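**Q** Structure of the sequence below:
(one chain, ligands or ions: 1)
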Amino acid sequence: MNTPLIIALDFARKLEVFKFLEHFQGEKLFLKVGMELFYQEGPAIIYELKEKEHRIFLDLKLHDIPNTVKSAMKGLARLGCDLVNVHAAGGKEMMMAALEGLEAGTISGNNRPACIAVTQLTSTSEEQMKKEQLIGVSLEESVLHYASLAKESGLEGVVCSTHEAAMIRKSVGGSFCIVTPGIRLIEDDIQDQKRVSTPEFARKNGATAIVVGRSITRSKEPFESYQTIKKQWEGVLV
Ligand code: C5P
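**A** Model prediction:
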């Protein structure tokens, strides 16, 4: 998957998406389609974005009984996305079922979409996790546990905050994808996120991809913000 900067297309309608993408004429991007957009526009939005040769992370964070997740993944694999995800909290059996579904649904000659697991959302604080999920260990331990579970299930990686990336890299080894949202430039507002950091911090801590939403999508100059973040992420001196 190399080390992409993934732009979170957190828009409700495709009109807004294509207006936003006008800022990136000619660029082949890695785009994240989440619930907001997919639930409004359906599979057609994936086909339209793929037609323009963008790579797609379909971020629907599946979490259900294994059989339902397997069937849902079978359908999603047919869309030809590059990356999909589940919640690790759904358990090992569910994660393995997700992979089976993806294998079954991948059109012959295409690559199976990579599948990663959400550990703890970057909007969750340790206090919240303990109080609301009744998890007694530290946030780091919980994230590490979910990462090991995802690896044992055969998944290609995890979604976590940059603050846990180095620890996961050390524990699960080299080829595991570590995708980190919650990215902000120093001058940005953190909004609803709790565990945020800069692109440079993500790189130094072993992340393999960053997901950036509002710092680019709500920027007055999206392409310039994209370039600044990309340079920091790739370690290019500015
Ligand atoms: O606007 P912002 O950069 O905070 O957007 C982050 C994106 O990453 C959102 O689309 C959000 O759904 C997603 N995400 C996250 N935390 C996770 C998994 C996904 O923020 N653990």
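
**Q** What is the burial count for the residue in the chain that the ligand sits nearest to?
**A** Here the residue of the chain nearest the ligand is residue 213; by Cβ to the nearest ligand atom that distance is 2.5 Å. Every residue, glycine included, has its C-beta placed from N, CA and C. Residues near residue 213, counting by other Cβ atoms under 10 Å, number 19.

**Q** all strands for this protein, in order.
**A** Residue ranges of the strands in the chain, as given by DSSP state E, are 5-8, 30-34, 55-62, 83-87, 114-118, 157-159, 177-180, 209-212.

**Q** how about the closest residue to residue 169 other than its chain neighbours, phi and psi?
**A** Leaving aside its chain neighbours, residue 169 sits nearest to residue 206 (3.6 Å; criterion: Cβ to Cβ, 6 or more residues apart in numbering). When read as degrees, to the nearest 10, the backbone of residue 206 gives phi 90, psi 20.

**Q** Make sure residue 138 is actually in contact with residue 120.
**A** No - contact criterion Cβ atoms under 8 Å: residue 138 and residue 120 do not qualify, at 10.8 Å.

**Q** higher neighbour count, those two?
**A** Neighbours per residue, other Cβ under 10 Å: of residue 138 and residue 120, the larger number sits with residue 120, 25 against 12.

**Q** can you tell me how far the more buried one sits from residue 128?
**A** 9 Å (Cβ to Cβ, to the nearest Å).

**Q** Compute the number of surrounding residues for residue 74.
**A** Here the number of neighbours of residue 74 (other Cβ under 10 Å) works out to 17.

**Q** if we can go back for a sec, nearest to residue 42, of the strands of the chain?
**A** strand 30-34 (10.6 Å; Cβ to Cβ).

**Q** Tabulate the CA atom coordinates of the closest one in PDB.
**A** Taking C-alpha atoms only, strand 30-34 is exported to PDB below (Å, rounded to 0.1, in the frame of the first residue of the first chain):
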ATOM      1  CA  PHE A  30      -6.300   8.100  -2.200                       C
ATOM      2  CA  LEU A  31      -9.800   8.900  -1.000                       C
ATOM      3  CA  LYS A  32     -11.700   7.800   2.000                       C
ATOM      4  CA  VAL A  33     -15.500   7.300   1.500                       C
ATOM      5  CA  GLY A  34     -17.200   7.100   4.800                       C
END
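
**Q** For residue 165, see how far away residue 208 is.
**A** 9 Å.

**Q** what sits in contact with each of the two?
**A** Common contacts of residue 208 and residue 165 (Cβ atoms under 8 Å, 6 or more residues apart in numbering): residue 178.
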